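Colleague: sequence below, structure please.
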Amino acid sequence: MAADSEPESEVFEITDFTTASEWERFISKVEEVLNDWKLIGISSGKPLEKGVYTTGAWEEKSDEISFADFRFSITHHYLVQEPSDKDGKEELVEDALPLPMQDLLCMNNDFPPRAHCLVRWYGLREFVVIAPAANNDAVLSESKCNLLLSSISIALGNTGCQVPLFVQIHHKWRRMYVGECQGPGVRTDFEMVHLRKVPSQYIHLSGLLDIFKSKIGCPLTPLPPVSMAIRLTYVLQDWQQYFWPQQPPDIDALVGGEVGGLEFGKLPFGACEDPISELHLATTWPHLTEGIIVDNDVYSDLDPIQAPQWSVRVRKADNPQCLLGDFLTEFFKLCRRKESTDEILGRSAFEEEGKEVADITHALSKLTEPAPVPIHKLSVTNMVHSAKKKIRKHRGVDESPLNNEVLNTILLFLFPDAADKLVDGFESRTSASAGNSSRPENEDYNLFSQFKSAPSDSLTYKLALCLCMINFYHGGVKGVAHLWQEFVLEMRYRWENNYLIPGLANGPPDLRCCLLHQKLQMLNCCIERKKARDEGKRGSASDRSPGDTGKGAEHSGDNPDKEKEVGKSWESWSDSEEEFFECLSDTEDLKGNGQDNGKKGGAKEGNKEPVNLKPEGRLHPHGKLTLLHPGEPLYIPITQEPAPMTEDLLEEQSEVLAKLGTSAEGAHLRARMQSACLLSDMESFKAANPGCCLEDFVRWYSPRDYIEEEVVDEKGNIVIKGELSARMKIPSNMWVEAWETAKPVPARRQKRLFDDTREAEKVLHYLAVQKPADLARHLLPCIIHAAVLKVKEEETLEDISSVKKIIKQIISHSSKVLRFPNPEEKKLEEIIAQIMSVEAIIARARSLKSKFGVEKCENEEEKEDLQRFVNCLLDQPEVSVIGAGRGPAGSIIHKLFVNAQRVRASLLCKTLVI
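Modeller: Residues are numbered from 1 along each chain as shown. From the prediction side, this is the model:
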C-alpha cells in the first residue's frame, strides 16, 4: 500500500496563468470593436455651429459582445459631418483638449430638441454606449458597475480612443449612465445621480452653484466666474375657450329629412377630439455669468416674459379619433365578415311570392314564348319599399335595418331618374348616361384608372360612398345587406323594363375599373341592345316589306359618319323570334351557323339565286373602293358589334383556349372559336355586296393584307395590280375557310354574337349572390379613391407641403396595391393608416390655426408669419418664437397661458447647464 501511494504523491497540478480570463476577453472584444470602427487615436474637429444637433443627421452602428454568458450591445452614436482639410492639420496639435471635452464647454448646442439624452445632457457629438442586450436585463449591483467601468477604462487606455464610452446601469427606463473619456494627460468621468425628490436648497440657481463649486474643488481663489445657460419649460394643457374647430356631425340631420345628395356623396373629415394635447413653452437664457442674475428661494430674476429666447413645441394626441379614418376602418372590417345576405337578413327576405321576380330559367323562357309575358308593373318608387315589405312579414316594423326615409333618399341619390315615372323621363336618363363619356379629364378624375376603382361621377362610386355611410351610421352590415338587396332589385327592374342605368359611361365595360363597375356596364349594354331590338320590333310590326330594308340602307348611306356605328343596326332587324337562336357553346355556334343559314336561305336560293342578287344590309358606300370583278361600288355592311366582355369573362375565355392544347386539332378549334365575329362580318359583307370575292373583303376589313404594286401591262401602261398577303395564302387559312363557309346573310338575320338576355341574367345572378364582404372588397378601391380625393381637397385649403408629399406616396402605393385582384390585407391597412395620418396632420394644422387666431389676424404680414409658424410646428420638433414674448406669436402664447391662469403652476422643468 505504501509503495502504491508514492507515485500519487509525486503528481502535482499545473496552473497556467497565461490563459485569458472572461474579464480580459471582454476588454479585448471592446478594443476590437473600437478598432473596427476606427475610433482609436486622437479625435479632431472644429466647433459646431448653432443648431447643428437638430438639423444634422445622426447615425448609429451596433455590435454585440458578451461578458461570460451575459450579452451586451455596444452602439456608436455620432453626428454625420463632412470631412474638411483643416481636420488633418489639427491632428498634429499636441496636448490639445480632446474634442468631447471641447463639446462639453461649448454653449452653442445646449438644448437640442431632438437628440439622444446624453447629447442633451452633455452636448456630445459622438459617443459609445454599452448596454445589456436584452430589454429585461440590467446591471444593478455596484460591483458589476465598477467592473464595467474598469473594463472601459482599460480599453480606452490601450487603444488611445478619445471618444467617450458609457455604460448603462440600472433599469433602462431610468436612463442612467456612467462613463469615461480619456485624453493626453486628462480624464473626464461622467456620473449621474437620481433623486426621488429634489432637496429644496437645490431647486434654485444659488444652491446649484454651491454644489457645483464644491464638486470642482478648484484651489484658485477667487474662483473664476461660472458661465451657465438656463431654460424654464412651461406646459399648457387647459385650452379653456380655445376649442378645436372640428364640429361633430349632426346625427339627427343625417337620419332625418335633411339628408341630401351632397351629404351621401361626400365623406366626412376631421378629428372628433382635439388632436393637440399640450403646448410646451421653453424660455431660455443662453449665456449668463454668475452674479448677473439672482435666483434663490426668496427672489428670482428669471421672468419668462423677459427671456431673450422662446421656443415652442406641441405634444400631439396619440392616434386621435378622426371621422374619415373611422369610416375607412369600419368599412374595411366588412371585408372580414363571413355571413351571406341570406344569413344577415334571413332567408325569407329573398323568398319570392307569386310571379313578382322569376328565376333565371323563367326569365330565359320568356324569349321563346309567342307573346311577351306581362311583367308586374312595379313603379320605381314602389321598388324602394319592396325589400322592406318582405322583411316586415317575418319581423317587426321597428327591426328593419333601414327606415323608408333613409332608403328613399339613398335610392334617389343613386338613381336620380327614379323621381320621374313618365316615359319621356327615360329620354333624360339616356342623355344623362351618355354625358358621362364626355367628362373633361383631369388628374384627379383619372385616378380611377390607377386605383382600378370607378370614375368619381359613376354609379359605382356613389354606391360605395352610400354603403360606407350606411355601414357607419345606419345599421352596419345589416343596413349594407338591405341596401344591396334593394340595389339588385332595381337592376332587375331596369333590365325587364328597358331602363338604362344612370351614372355609367356608354360602350363596353371599361377594364380599367373594378369588376363590379364592369358588371354594371355589361348590364347596361344588355339593356341597350334589348331596348333597341324591342323598339325595332315595334317599328317594323305595323308595315314590313322586303323593300323597306333597302330603303333604310339607302337612307343610311347619306350619313357617312355612321361607318363605325356598326352596332346601331338593331332597330332594322326583323321581329321574328324564330330568327334569333339561343346561344350554344362556341364550337356549336360555328358548326351550326352555316347549316342554319343554308336551311333558311335554301327556299330563297332555289331558282338561280334571285334573292342573292339583291343587296341587303348596306350601311353606306365606301367612297373609294369598288368591287374587283363586277366593278360596282363597294358598300360597307351593317355588322354586329362584337360581344362586350368583362375581365372575368376574358380570363375564363383565355383559360378555355389554353386548355385546347398545342396540337394541330386544338389550334384549329381555337382559331374557329375566335373567328365567330369574322364569320359574321363576312356574311354581312356578302349580303351587302353580291358578287364580291375574298380580296374585296380583305381590302375593306384588313387593308394591310392586300398588297398593291405598280406593273407595266402589254401596252406599256402602268397599272396597279394587287394580291393577298403571304399569310392569306397559307394552306387551310382560317380566312379562306370562313369565306367559303359564309353565306350572304345580313346582320339582322344572323344569330346574335352577343346574347344580351343570357349575359344580363348572368350579371343579375352574380350581383344577387354577392356577400357583404365580397361587396366591400369590390368597392374598397372606390372608398380609398374617394378618401384620397377628400384629403387632397382638404389639403388645398391648408397648403401643407409635408402633406402633399404624403399624398403622392399614398397614390403611388395604392396604384401598386390595388392594380391586382385580391390585394393583401396588410398592404391595405398600410394605405388606410397613411390616409389617417394625413387626416390627423390636417386636423392638427386647423387646431393650431384656431388657437393662434391665424384667420382672425387682420395684418397680412403678421398673418403670413403666424401661418408659417403653425406649419413649422407641424414639421419640426421645436420652433423658435421670433421676438420671444414681444413678437406676434409670443403675445398670443402669453395670452394662452394667462387665460389658463397656470403660468406658475405649469412649470414643467428647470434645466441649467453650468
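Colleague: tell me the centre residue of this protein?
Modeller: residue 814 (3.3 Å; C-alpha atoms, centre = their mean).
Colleague: for the stretch 701-850 of the chain, what spans make up the strands?
Modeller: 706-712, 718-724 (DSSP state E, counting those that start in this stretch).
Colleague: and the last one with strand 706-712, angle?
Modeller: Put plainly, it is strand 718-724. 150 degrees (axes from the mean of the first three to the mean of the last three C-alpha atoms, to 10 degrees).
Colleague: which elements pack onto strand 718-724?
Modeller: helix 694-701, strand 706-712 (3 or more C-beta pairs under 8 Å, 6 or more residues apart in numbering; DSSP states H and E). For glycine as for every other residue, the C-beta is placed from the backbone atoms N, C-alpha and C.
Colleague: re the thing from before, what's the separation between the residue nearest to the centre of the chain and residue 230?
Modeller: Going from residue 814 to residue 230 by C-beta to C-beta, to the nearest Å gives 50 Å.
Colleague: least trustworthy helix or strand in the protein by mean pLDDT?
Modeller: helix 546-556 (a mean of 34; mean pLDDT, DSSP states H and E).
Colleague: the stretch 201-350 of the chain: strands as residue ranges?
Modeller: Using DSSP E, counting those that start in this stretch, strands in the stretch 201-350 of the chain cover 227-236, 276-289, 309-316.
Colleague: buried ones in the last one, by neighbour count?
Modeller: By 16 or more other C-beta atoms under 10 Å, the buried positions in strand 309-316 come out as 310-314, 316.
Colleague: just the first one next, same as before
Modeller: Applying a neighbour-count criterion of 16+ other C-beta under 10 Å, the buried positions in strand 227-236 are 228-236.
Colleague: picking that back up, TSV for the helices and strands packed on strand 718-724, including mean pLDDT, mean neighbour count and distance to residue 479?
Modeller: Below are the helices and strands packed on strand 718-724 laid out as TSV (pLDDT from 0 to 100; neighbours: other C-beta atoms under 10 Å; distance: least, C-beta to C-beta, whole Å):
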stretch	mean pLDDT	mean neighbour count	distance to residue 479
helix 694-701	88	20	53
strand 706-712	79	11	62
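Colleague: wait, which of the ones you listed is closest to residue 410?
Modeller: Nearest of the helices and strands packed on strand 718-724 to residue 410, taken as C-beta to C-beta: helix 694-701 at 48.4 Å.
Colleague: export the closest one to CSV, keeping only CA atoms.
Modeller: The C-alpha coordinates for helix 694-701 follow below in CSV (Å, rounded to 0.1, in the frame of the first residue of the first chain):
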residue,chain,number,x,y,z
LEU,A,694,-62.3,37.4,-100.6
GLU,A,695,-60.0,40.1,-101.9
ASP,A,696,-62.8,42.7,-101.7
PHE,A,697,-63.4,41.8,-98.1
VAL,A,698,-59.7,41.9,-97.2
ARG,A,699,-59.3,45.3,-98.8
TRP,A,700,-62.0,46.7,-96.5
TYR,A,701,-61.5,44.6,-93.4
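Colleague: contacts for that helix, please.
Modeller: Identification of contacts with helix 694-701 by C-beta atoms under 8 Å, 6 or more residues apart in numbering yields 622, 625, 627-628, 634, 636, 681-682, 685, 689, 705-706, 722-724, 728, 735-736, 739.
Colleague: buried among those? Make that a ChimeraX selection.
Modeller: Only the buried entries of the contacts of helix 694-701 go into this ChimeraX selection, using 16+ other C-beta under 10 Å:
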select :622,627,634,636,681,682,685,689,705,706,724,728,735,739
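Colleague: just the contacts of helix 694-701: which are in helices?
Modeller: 681-682, 685, 735-736, 739 (DSSP state H).
Colleague: now render these as a markdown table, adding pLDDT.
Modeller: Formatted as a markdown table, those follow (pLDDT from 0 to 100):
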| residue | pLDDT |
| --- | --- |
| 681 | 87 |
| 682 | 89 |
| 685 | 91 |
| 735 | 85 |
| 736 | 84 |
| 739 | 88 |
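Colleague: can you redo those as JSON lines with distance to residue 32?
Modeller: Output for the ones in helices among the contacts of helix 694-701, formatted as JSON lines (distance: C-beta to C-beta, whole Å):
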{"residue": "681", "distance to residue 32": "81"}
{"residue": "682", "distance to residue 32": "84"}
{"residue": "685", "distance to residue 32": "86"}
{"residue": "735", "distance to residue 32": "79"}
{"residue": "736", "distance to residue 32": "82"}
{"residue": "739", "distance to residue 32": "85"}
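Colleague: picking that back up, mind putting the strands of the stretch 201-350 of the chain into TSV with distance to residue 72?
Modeller: Below are the strands of the stretch 201-350 of the chain laid out as TSV (distance: least, C-beta to C-beta, whole Å):
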stretch	distance to residue 72
strand 227-236	34
strand 276-289	35
strand 309-316	34
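Colleague: and the helices in the stretch 101-250 of the chain, which stretches?
Modeller: Assigned by DSSP state H, counting those that start in this stretch, the stretch 101-250 of the chain shows helices spanning 117-122, 142-159, 205-216.
Colleague: can you give the distance of the last one from its chain's centre?
Modeller: Put plainly, it is helix 205-216. Taking the mean of its C-alpha atoms, helix 205-216 sits 59 Å from the chain's own mean (C-alpha atoms, centre = their mean, to the nearest Å).
Colleague: report the inter-axis angle for it versus strand 227-236.
Modeller: Going by the same axes, to 10 degrees, helix 205-216 makes 140 degrees with strand 227-236.
Colleague: what's the burial count for the residue lying closest to residue 290 once chain neighbours are set aside?
Modeller: Leaving aside its sequence neighbours, residue 290 sits nearest to residue 226 (C-beta to C-beta, 6 or more residues apart in numbering; 4.3 Å). Using other C-beta atoms under 10 Å, residue 226 has 15 neighbouring residues.
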